[in-house]
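Visitor: pasting the sequence and the predicted coordinates here, then a few questions.
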Amino acid sequence: MAGTEPASPEENETHVLEVPRGVQHVGFRLLALPPQTKLVLAKVEGNDSWARQNGLKLGDSLLEVEGRPVSKLDVREYKRLINKRRPLKLTFSARPEEKDQEGAAATRLQAAWRGKQVRDANVSPAEQAGQGTYTVTLPVGTGHPGFKPHRPPPSPSLRVTSVEPSGWAENNGVKLGDKLLMVGTKPVSRLQPREFSDMIKKTRPLNLTFSEVVLKFKPDFGRKA
């Protein structure tokens, strides 16, 4: 029609999908967890997964969960919704077709880079099996992060043995038994105690990467020296 401008690729490619009752796993993994402006898909599981069957691709971005921008969700709330809420409405933006190959390649490189960092932290295969890694950001203005590790670095990983109620860590999904792998871009195996302390206390914003422990620990597991 004359005089009508075509819609932008972003407008054409934004779509809402619903995860129905009975679907346990959405079948995708993200490069990072909220809060972020958008959450890029770093992995889409096999042909039988909900994500694959609904046309999601590597490099697509999750924008909203139940109508809420992912920039306004914390990790704990995101995980609760994505794992338990059914039906669940998810809003995605697809990468424009002309950028699919380039974008998918870039996403694979980012995912591989993140995976290499986790491997460089010397986390054992047993720790990684059945567990996810997640990254949370200490924003400007945040004081103490609200958790304590079982020991100072250097160490392959630092197990969380204390989480303050209603503190930053708890509000962002960090739990007892989770393991701190990276501070910023540095594996904790390569940090000295003073550098670690300075970064945790003073560097903002600061990305912290954890592995999420599946095993349940006894309440007094952190008392043993």
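Guide: The structure has been received and is ready for your questions.
Visitor: use CA for all of it now, contacts and neighbours both
Guide: Noted.
Visitor: list the contacts for the residue nearest the centre of the chain?
Guide: Taking Cα atoms, centre = their mean, the centroid of the chain lies closest to residue 33, which sits 2.9 Å from it. Shown in contact with residue 33 (Cα atoms under 8 Å, 6 or more residues apart in numbering): 39, 75, 134-136.
Visitor: where's it, which helix or strand?
Guide: Using DSSP states H and E, residue 33 sits in no helix or strand.
Visitor: look up how far residue 205 lies from it.
Guide: According to Cα to Cα, to the nearest Å, residue 33 and residue 205 sit 15 Å apart.
Visitor: in three-state terms, label residue 155 for me.
Guide: Secondary structure, DSSP: H, G, I helix; E, B strand; the rest coil: residue 155 is coil.
Visitor: same check, this time on residue 170
Guide: helix.
Visitor: wait, it touches residue 164, no?
Guide: Yes: under the criterion of Cα atoms under 8 Å, residue 170 makes contact with residue 164 at 6.8 Å.
Visitor: okay, and the common contacts of the two?
Guide: By Cα under 8 Å, 6+ apart, the residues touching both residue 170 and residue 164 are residue 146.
Visitor: neighbour count for these two, which is higher?
Guide: The neighbour count for residue 170 versus residue 164, taken as other Cα atoms under 10 Å, is higher for residue 170 (18 against 15).
Visitor: now the more buried one: closest residue in space, sequence neighbours ignored.
Guide: Of all residues not flanking residue 170 in the chain, residue 163 sits nearest, at 6.4 Å (Cα to Cα, 6 or more residues apart in numbering).
Visitor: ok, the one you found to residue 57 distance?
Guide: From residue 163 to residue 57 the distance is 36 Å (Cα to Cα).
Visitor: just after the helix-or-strand element of the chain with minimal mean pLDDT, pick out the following helix or strand.
Guide: Counting by mean pLDDT, DSSP states H and E, the weakest-scoring helix or strand in the chain turns out to be helix 125-128, with a mean of 43. Downstream of helix 125-128, the first helix or strand assigned by DSSP H and E is strand 133-138.
Visitor: how far away from the center of its chain is that next one?
Guide: The chain centroid and the centroid of strand 133-138 are separated by 6 Å under Cα atoms, centre = their mean, to the nearest Å.
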